[in-house]
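Q: when you get a sec, could you give me coordinates for this:
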Amino acid sequence: MEVKRWRVFLDTSALIAGAVSPTGAAREVLRLAEVRLIELVISRQVLTEADRNLAAKLPAFLEGYHLLLRHLDPVIVDDPPLEAVREAGHVIHRNDAPILAAAKQAAVDYLVTWDTRDFLTAKVRTWAPFAIVKPGEFLHAFREALAKES
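A: Okay, here's the model as predicted:
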C-alpha cells in the first residue's frame with residue numbers, strides 16, 4: 001500500500017531558516033522534501049520574499065539557496081486571486097493574507113512557519129483547512145505518522 005505524501009507549504013520564515021541553517025527543524029523539513037517523503041509547496045510570493053530578504057540580509061547564502069531550490073524542485077503555486085486574499089485577510093494581518101490564501105488554494109496538508117505571532121492564532125487555525133505548525137511540530141507529526149504505519 002502506498003502512503004499519501006503530505007503536501008507541505010513553507011512560508012518565507014521556514015524556507016529561509018531551512019536554507020541557511022545546516023541543522024534545525026526547518027532544514028529537516030527540507031531534507032524530507034529532498035528525499036521525496038513530502039511534497040514541498042511554495043508560492044511565488046514566498047520565493048520573491050525569500051530572495052529579497054536573503055539579498056538584503058544574508059547575500060552570501062543567495063547562490064546556495066538558489067541551488068537548493070533547484071535541487072528540491074518544489075511545487076510552485078501562483079499567488080492567489082484578490083478575493084481569496086481578502087477572505088484570508090479577515091483572520092490574519094493583510095501582509096500574511098496572500099501566503100495563507102495561497103496555502104489554502106494549493107490544498108496543502110500543512111503550513112510550516114516560524115511566524116508564531118500571526119499564523120499560530122486560534123482564529124487562523126480555525127479558518128484554515130490544514131494544520132499550521134512550527135517546523136519541530138511538523139517533524140513530530142511526521143514521526144508519529146511513520147510510527148503508526150509500522
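Q: count of neighbours near Glu137?
A: Around Glu137 sit 15 other residues, with neighbours defined as other CB atoms under 10 Å. Every C-beta, even on glycine, is put in place using the N, C-alpha and C of the backbone.
Q: how about Asn53?
A: Using other CB under 10 Å, Asn53 is surrounded by 14 other residues.
Q: also Thr121?
A: 14.
Q: quick one: contacts for it?
A: By CB atoms under 8 Å, 6 or more residues apart in numbering, the residues touching Thr121 are Val91, Ile92.
Q: helices of the protein, start to end?
A: For the chain, applying DSSP state H gives helices covering 12-20, 25-34, 44-57, 62-72, 82-88, 97-105, 116-119, 122-127, 135-149.
Q: turn the ones you listed into CSV, including mean pLDDT and distance to Trp6.
A: As requested, the helices of the chain are exported to CSV (pLDDT from 0 to 100; distance: least, CB to CB, whole Å):
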stretch, mean pLDDT, distance to Trp6
helix 12-20, 96, 14
helix 25-34, 97, 9
helix 44-57, 97, 18
helix 62-72, 95, 15
helix 82-88, 98, 21
helix 97-105, 98, 13
helix 116-119, 95, 18
helix 122-127, 97, 17
helix 135-149, 94, 7
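Q: will you turn those helices into JSON lines that also has distance to Lys4?
A: What follows is those, written out as JSON lines (distance: least, CB to CB, whole Å):
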{"stretch": "helix 12-20", "distance to Lys4": "22"}
{"stretch": "helix 25-34", "distance to Lys4": "14"}
{"stretch": "helix 44-57", "distance to Lys4": "23"}
{"stretch": "helix 62-72", "distance to Lys4": "19"}
{"stretch": "helix 82-88", "distance to Lys4": "25"}
{"stretch": "helix 97-105", "distance to Lys4": "18"}
{"stretch": "helix 116-119", "distance to Lys4": "24"}
{"stretch": "helix 122-127", "distance to Lys4": "22"}
{"stretch": "helix 135-149", "distance to Lys4": "10"}
